[in-house]
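In: how would this look folded up:
(2 chains)
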Amino acid sequence: MRFKGLMALLLATSMVSVSATVARLKALGMDETDNEGSYFIEDDRNIFLNVANVNDYADSVIIELGGSGKILGANTQTRTDADEAPKAKGGVIRKIGEMTYGIYVGNESNTSSLLRVVGTSSAAIPTGAETTALSGADNQIEAFVGGKASFANWGASVVYASDKYHTATARGKDTAHAVKFGLKNEKWDALLNISTGTKVERVSSAVSDEFDGSLGFHVGGGYHVNENGKAYGFLKKFDWDQKSTSTTPSSVEGGFTTYALGYGHQMKAGNGNFFSSVEYRHKEIEVKFATKASAKNVFIPLMVGYEYNLNSWLTLRGSVTQKLWGYRENNNYSSLNALARGLANAEFGTDTSGKEVTFDNTTDVRAGASLNLGKVRIDGLIGLGSNNGTINAAGTEKGSLDLDRLMARVGMVYSF
Amino acid sequence: MKKQIVLATIATLATGSVYATKARMNALGQDQDRGSFYIDDTRNVFRNAARINKTNNYVVTEWGDATAAGGASTPKAEGGFFRSAGSFNYGLYLGSDITDQGGDTALAGYADSLAGTTTGPVFGETGFKGRSNDLDLFFGGDAGVEWGGRLHYANGSQEQVAGSSKKEQSTLELGLGMVMGDLNAYVNYVLNDEHKVGDNNADKFEDDGSMNIGVGYNWMDFTFYVDYKKQGAKYTNATAAANTTDQTVLNIGAGYIKEVSSTSRMFTDFGFRMTDAEDKDGTTATNNLEASRSELPLTVGFETDATSWLTLRGSIGQNIVVNSQKTKAGSAAELSGTRDNTTNVNAGATLNFGKLMIDGTIGTNGTTGAASGTKSGALDLDRLMTQVAVHYWF
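Out: All right, here's what the predicted structure looks like:
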């Protein structure tokens, strides 16, 4: 009976329509490293932001098509989830009685992967041999539970990932776990996500590295100031110690901090919705080598977006985003390993030698579509094709509507 | 019994997408070759020949090339028909080489494949005559107990110029199965599968006891199963001692089907899988390689008739909790670790045109649209479906 209960937990009956997937929120301007959801647009992806959302998206199976993710440089141990090389992931959410349960696999964090690369010593990743970064989290599983209290819906989840390897030249292991809590009602919502442990190590005869997470949390919330508007804010912080047999001192500290205060607006217009948001965002990372490497971006992005149901089976959406104000202040990338330098360039912009430099060409237009086919929705990004129809990374679009490569980063949601 | 009636009703009324092809099995995260342990599908007849008594009166063609390897991105041309005739059922299937171990190519062994290396001994050689023109004959009936048999045959030869030896290839397999109420059992055994060159068989690649045996039991909406598969081969050439490679896979698990409605269903399976493989170099012991895996894979899938003409399906799977891998090369110390990137998402569709249906997998192409093993997460309309199969029910 226990086994039956477990299996029954995964499947169920009832009819609830759900929103969409990573592709929908990215088309509507989501610009989060981990694509964990929107602070003001309702979407099933928000279960990774505030787990109390799990109550709103019960009785669905979500699959995100893809493979093993994007290889960073020549490194295959650590990968990220990218538009042109999405990671396969998915899960099922089911309501049983008054409770909602869920299980989701493969949703490894991009931030986690990037920090592990940053946390690898230069000696381990010399230029031209970018194959030996600390491994990223793999085969991640997240289990959800949610319910309803008198004052709000609540949710909680446990995240766990573990892997190890042992080759003739090196051995390594990685363990990461976290817990998440969330509350949500019609007026406000609040979240607290805590990294309860991260430890990664790679040992070889040449150089041994270790990455040890010391503090990680993500706290945030939102408040509906009127029928259409919502104010929100969050603070995300992760500190770590990184050790290497190749550096002096052998142990250095690193820290990543990002916070934002913003306002999002959603207005119904006919068969669609008009979205807009503006926020103040600050993100910063530093690694205290003998020569401290640091990067800081401060900016105010404005997003304007739309979503329109053209007919019963097709929904189109799009957005334009631009930084109204901002600067980047980056310094001493040369202290980082070769692979991390490239990632820092992509994530924070080039090294400014500690000077404030404004952002160039920040206008970003995105588009997407949903095919509504009975109980199944197929979502994807459109307009990512290059001149020859190949799907490109965001930022290299050619403004074409391709019917051969119709949608990228495709996800499917089955509501049962 | 209740479940069988429901499934029979669905198969009759709708769209026929309940019974399909390799593409459907892949999209639902199942074994494309021998079918599913718990989902009804025409492919299951290759696991349990008695399944012919439930799935018959259709023609199926799997698109591809006769020389292709047969994977999801390299489909092989094959197909056949299955008919009922009074109280018996029979079928003929062409081009299925699911037990072909590739003796006509210089392959790494099973342990090498499991470990992701190519350092061990080599098996087979390109000079061998390749296996081709495979033929399966099915025959089954229901005498209170459903029973079925499958005979597989392939044969080829090539005379050489004077002074060179003749090349020969031959295969003979037998499959037997039964279904008695909620219980089913089967055995598939390779009686003979060999490639050889020369009258004295100086160079030879021969099967070494490959078999598949298992049992399943339906209880309510669950199916519990135990399946054991062994693959093995021995390669001999004129100048060295024989190399051997073998692999055993044990699956113990349960599958669950939730009929959400008459046009929509969900599938879940969860079980323990243990795989052991060993490559032995007859000449150099340090080349010997052992590899093993212990896994606990979870798969959740769905299938729904989106419209009267379109059925969509998909699945997500990943190893949960248990995910270990060990390798041992020669006399070196054993190396252990976990398997990387076991998360696997698949999707597929069926275009329903009355009695004729077209199945395929979707989302399998690369960023350029080329059909490949590298999934880019794209929905392509030029190459809408891959591993396409057409089946016509009469």
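In: got the residues of the stretch 301-416 of chain A near chain B?
Out: A:373-376, A:378, A:380, A:388-392, A:403-410, A:412, A:414, A:416 (C-beta under 8 Å from any C-beta of the partner chain). No exception for glycine: its C-beta is placed from N, CA and C like everyone else's.
In: just for the chain, where's the confidence low?
Out: Defaulting to chain A. For chain A, applying pLDDT under 70 flags the ranges A:1-20, A:73-77, A:126-131, A:387, A:394-395.
In: wrong one, I was asking about chain B
Out: Ranges of chain B meeting pLDDT under 70: B:1-20, B:198-201, B:372-373.
In: Show me the helices in chain B, by range?
Out: B:2-13, B:22-27, B:110-115 (DSSP state H).
In: nearest residue to A:K236 other than its sequence neighbours?
Out: Leaving aside its chain neighbours, A:K236 sits nearest to A:H218 (4.4 Å; criterion: C-beta to C-beta, 6 or more residues apart in numbering or on different chains).
In: and that neighbour, how many neighbours does it have?
Out: Neighbour count of A:H218, defined by other C-beta atoms under 10 Å in any protein chain shown: 21.
In: again with A:L49
Out: Neighbour count for A:L49, taken as other C-beta under 10 Å: 24.
In: Hmm, A:E36 and it touching each other?
Out: Yes - counting by C-beta atoms under 8 Å, A:L49 does reach A:E36; the two are 4.8 Å apart.
In: still on that earlier bit, CA atoms of the helix or strand encompassing the residue nearest to A:K236 as CSV?
Out: Counting by DSSP states H and E, the element that carries A:H218 is strand A:209-224. The C-alpha coordinates for strand A:209-224 follow below in CSV (Å, rounded to 0.1, in the frame of the first residue of the first chain):
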residue,chain,number,x,y,z
ASP,A,209,40.5,22.0,-5.8
GLU,A,210,37.7,22.3,-3.4
PHE,A,211,34.5,24.5,-3.4
ASP,A,212,32.7,24.7,-0.1
GLY,A,213,29.5,26.7,0.2
SER,A,214,29.2,28.5,3.5
LEU,A,215,26.0,30.5,3.3
GLY,A,216,23.3,30.7,0.7
PHE,A,217,19.8,32.1,0.8
HIS,A,218,17.2,33.7,-1.4
VAL,A,219,14.6,35.7,0.3
GLY,A,220,11.9,37.8,-1.4
GLY,A,221,8.3,38.6,-1.8
GLY,A,222,5.7,40.7,-3.5
TYR,A,223,2.6,42.8,-2.7
HIS,A,224,-0.3,43.7,-5.0
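In: Spell out which parts of the stretch 101-250 of chain B neighbour chain A.
Out: B:F222.
In: any idea which strand is longest in the chain?
Out: Using chain A here. Ordering each strand of chain A by length in residues (DSSP state E) puts strand A:251-269 first.
In: wrong one, chain B
Out: strand B:240-261.
In: Show me what that one is packed against.
Out: Counting contacts by 3 or more C-beta pairs under 8 Å, 6 or more residues apart in numbering or on different chains; DSSP states H and E, strand B:240-261 is packed against helix A:2-10, helix B:110-115, strand B:122-123, strand B:222-237, strand B:264-280.
In: Mind checking those for the one nearest to A:K148?
Out: Nearest of the helices and strands packed on strand B:240-261 to A:K148, taken as C-beta to C-beta: helix A:2-10 at 17.9 Å.
In: so does the helix or strand following the closest one get close to chain B?
Out: Scanning forward in sequence from helix A:2-10 by DSSP H and E, the next helix or strand is helix A:22-27. No - using C-beta under 8 Å from any C-beta, helix A:22-27 stays clear of chain B, with a minimum separation of 8.9 Å.
In: coming back round to it: strands paired with the helix or strand that comes right after the longest strand of chain A, and their directions?
Out: Counting by DSSP H and E, the next helix or strand C-terminal to strand A:251-269 is strand A:272-287. Here strand A:272-287 has these sheet partners by DSSP bridges: strand A:251-269 (antiparallel), strand A:293-309 (antiparallel).
In: got the angle between the strand holding A:H218 and strand A:251-269?
Out: With axes from the mean of the first three to the mean of the last three C-alpha atoms, to 10 degrees as the basis, strand A:209-224 and strand A:251-269 are set at 30 degrees to each other.
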